[in-house]
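S.K.: okay, here's the prediction I keep looking at, along with the sequence it came from:
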Amino acid sequence: MINTIIIEDDTKTLERLHAAISATNDIMVIGTASTAKDGAALIKMGGYDVLLCDLGLPDGNGLDLIKQAAELFPDVDIIVITIFAEQSKVLASIKAGARGYLLKDERIESCAESIRETHAGGSSISPLIARQLLKQLRPSNSPINDPLAEPLSPRETDVLNLLARGFTYYEIAGFLNISEHTIGTYVKRIYRKLEVNSRSEAVFEASSRGIIDFH
């Protein structure tokens, strides 16, 4: 069972998240909070595997809560709940310890899949967030001229490009007409070759090297 806590001040969003998670048999919401103060207390209690955290709270900054959770419980997987206007905070969220991103108006009902993917070591990123992430993480228009010790294969590059755009393993498997298990194998190889541990790190490294890009 994946124990999850949610810090979200918007009642409708919280209800949608709760409904999506309640429909599963492997994820459980063990606590919720709607303010930064209550969220900080909830985080300190521990006992959870995944934290879903809104960035915009009425009495504080969600980034502070993300930092708190990452410092207290480094093994906890943190997923940001955000809106389009807050995408400028994505890079700060990564630095604070977030590993996944859900847009409130885009794929909130797919939160269960995002929780599973992130908890399994991946990083679920909305396609719109992924585009913004690449723009923020590119240090310049020129990629790093440092070839990988073991280059990515054409198929691994295909998988990485789709990962960078925020698609799930299930969606990528459909696009490439291969199984989800095979996608998982490709992702492990990609992480090993790029020397990273998450999707967001892979996006950063591959974008910096010019392996992937959005036009």
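M.R.: Good, I have the coordinates.

S.K.: show me how the protein divides into domains.
M.R.: 2-136, 139-208 (automatic domain parsing).

S.K.: which residues touch the host helix or strand of residue 29?
M.R.: Applying DSSP states H and E as the criterion places residue 29 in strand 27-33. Contacts to strand 27-33, defined as C-beta atoms under 8 Å, 6 or more residues apart in numbering, come from residues 1-8, 14, 17-18, 21-22, 39, 41-42, 45, 47-48, 50, 112, 115-116. Heads up, the C-betas are built off the backbone N, CA and C, glycines and all.

S.K.: right, and the helix or strand after it?
M.R.: Next along from strand 27-33, by DSSP H and E: helix 36-45.

S.K.: tell me what that following helix is packed against?
M.R.: Here helix 36-45 touches strand 2-7, strand 27-33, strand 60-61, helix 62-72, going by 3 or more C-beta pairs under 8 Å, 6 or more residues apart in numbering; DSSP states H and E.

S.K.: mind listing the strands the helix or strand following that helix pairs with, and their directions?
M.R.: Under the assignment DSSP H and E, the closest C-terminal helix or strand after helix 36-45 is strand 50-54. Partners of strand 50-54 in the sheet, by DSSP bridges, are strand 2-7 (parallel), strand 77-82 (parallel).

S.K.: now those strands as JSON lines including mean neighbour count and distance to residue 182?
M.R.: Output for those, formatted as JSON lines (neighbours: other C-beta atoms under 10 Å; distance: least, C-beta to C-beta, whole Å):
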{"stretch": "strand 2-7", "mean neighbour count": "22", "distance to residue 182": "24"}
{"stretch": "strand 77-82", "mean neighbour count": "26", "distance to residue 182": "24"}
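
S.K.: dump the ones you listed into CSV; add mean pLDDT and distance to residue 174 as well.
M.R.: Below are these laid out as CSV (pLDDT from 0 to 100; distance: least, C-beta to C-beta, whole Å):
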stretch, mean pLDDT, distance to residue 174
strand 2-7, 97, 24
strand 77-82, 89, 23
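
S.K.: could you pick out the longest helix of this structure?
M.R.: Ranked by residue count and defined by DSSP state H, the top helix of the chain is helix 180-194.

S.K.: buried set for that one?
M.R.: Neighbour-count burial for helix 180-194 flags 183, 184, 186, 187, 189, 190, 191, 193, 194 (criterion: 16 or more other C-beta atoms under 10 Å).

S.K.: just the CA trace of stretch 199-208, in PDB.
M.R.: Output of stretch 199-208 as PDB, limited to C-alpha atoms (Å, rounded to 0.1, in the frame of the first residue of the first chain):
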ATOM      1  CA  ARG A 199      12.900  11.600 -15.100                       C
ATOM      2  CA  SER A 200      13.500  15.200 -14.200                       C
ATOM      3  CA  GLU A 201      17.200  14.600 -13.900                       C
ATOM      4  CA  ALA A 202      17.200  12.800 -17.200                       C
ATOM      5  CA  VAL A 203      15.400  15.700 -18.900                       C
ATOM      6  CA  PHE A 204      17.900  18.100 -17.500                       C
ATOM      7  CA  GLU A 205      20.900  16.100 -18.500                       C
ATOM      8  CA  ALA A 206      19.600  15.200 -22.000                       C
ATOM      9  CA  SER A 207      18.500  18.800 -22.700                       C
ATOM     10  CA  SER A 208      21.900  20.200 -21.600                       C
END
